[in-house]
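Q: kindly return the folded structure for what I paste below:
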Amino acid sequence: MINLISRTISHISTLLKGLQIKGFLAVVIVGFLMLTTNVAYGQNDKALGERVREQVQQDNSQRPKTIGEWNKEARETEGSPGKRLEKIGKESAEAFKQFGSGYVEGAQKTANDVGDSAAQTGKDISNQVRR
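A: Numbers count the residues shown, from 1 in each chain. This next block holds a predicted model:
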């Protein structure tokens, strides 16, 4: 009788090891999360599109902003590659200038934040030393 119980327990434990319970539970949990998460796709897409359009229109550069504008400009200068290259050069310079100004603004903000954090850390350390 003890031998039968021992073999049954051994058989069940072997079966459970074969199923790889951890992997199975991970799949069940991920499936549960995916089924119970409420995502409204339609509402988010419209707002995002509008925000992107607004950002594009706020840029007051003379460069093409859309693929359609880029293609129109390419058709206008189709016969003269020199003129096209000149326009591309000017637009590239403008783009790099715009990118550089954004980079400088971001670097300045980061430097200010780091400075503020360092000052706060110094104050915290001095307060701890006084205690």
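
Q: how distant is the one helix or strand Arg75 maps to from the center of its chain?
A: Remark: Arg75 resides in helix 67-76, with elements defined by DSSP states H and E. With Cα atoms, centre = their mean, to the nearest Å as the basis, helix 67-76 stands 30 Å off its chain's centre.

Q: shift numbering so it begins at 636
A: From this message on, residue numbering opens at 636, which makes the last subject helix 702-711.

Q: give me the contact list for it.
A: 699, 719, 722 (Cβ atoms under 8 Å, 6 or more residues apart in numbering). (C-beta placed from N, C-alpha, C; glycine too.)

Q: if we ignore the residues flanking it in sequence, what's nearest the last one?
A: So the one you mean is Lys722. Excluding the flanking residues, the one nearest Lys722 by Cβ to Cβ, 6 or more residues apart in numbering is Thr712, at 6.4 Å.

Q: confidence-wise, which of the contacts of helix 702-711 comes last?
A: When those are compared by pLDDT, Pro699 scores lowest at 77.

Q: now that one. Nearest residue, chain neighbours left out?
A: Trp705 (4.2 Å).

Q: tell me how far Ser715 lies from Gln697.
A: Look at Ser715 and Gln697: by Cβ to Cβ, to the nearest Å, they are 19 Å apart.

Q: Arg710 now?
A: Arg710 is 17 Å from Gln697, by Cβ to Cβ.

Q: check Gly717 too.
A: For Gly717, the distance to Gln697 - Cβ to Cβ - is 19 Å.

Q: quick one: contacts for the residue nearest the centre of the chain?
A: Residue closest to the average C-alpha location in the chain (Cα atoms, centre = their mean): Leu683, at 14.2 Å. Residues in contact with Leu683 (Cβ under 8 Å, 6+ apart): none are found.

Q: helix, strand, or coil at it?
A: At Leu683 the chain is in helix, as set by DSSP: H, G, I helix; E, B strand; the rest coil.

Q: where does pLDDT dip in the chain?
A: Across the chain, the ranges flagged by pLDDT under 70 are 651, 653-657, 674-681, 691-696, 762-766.
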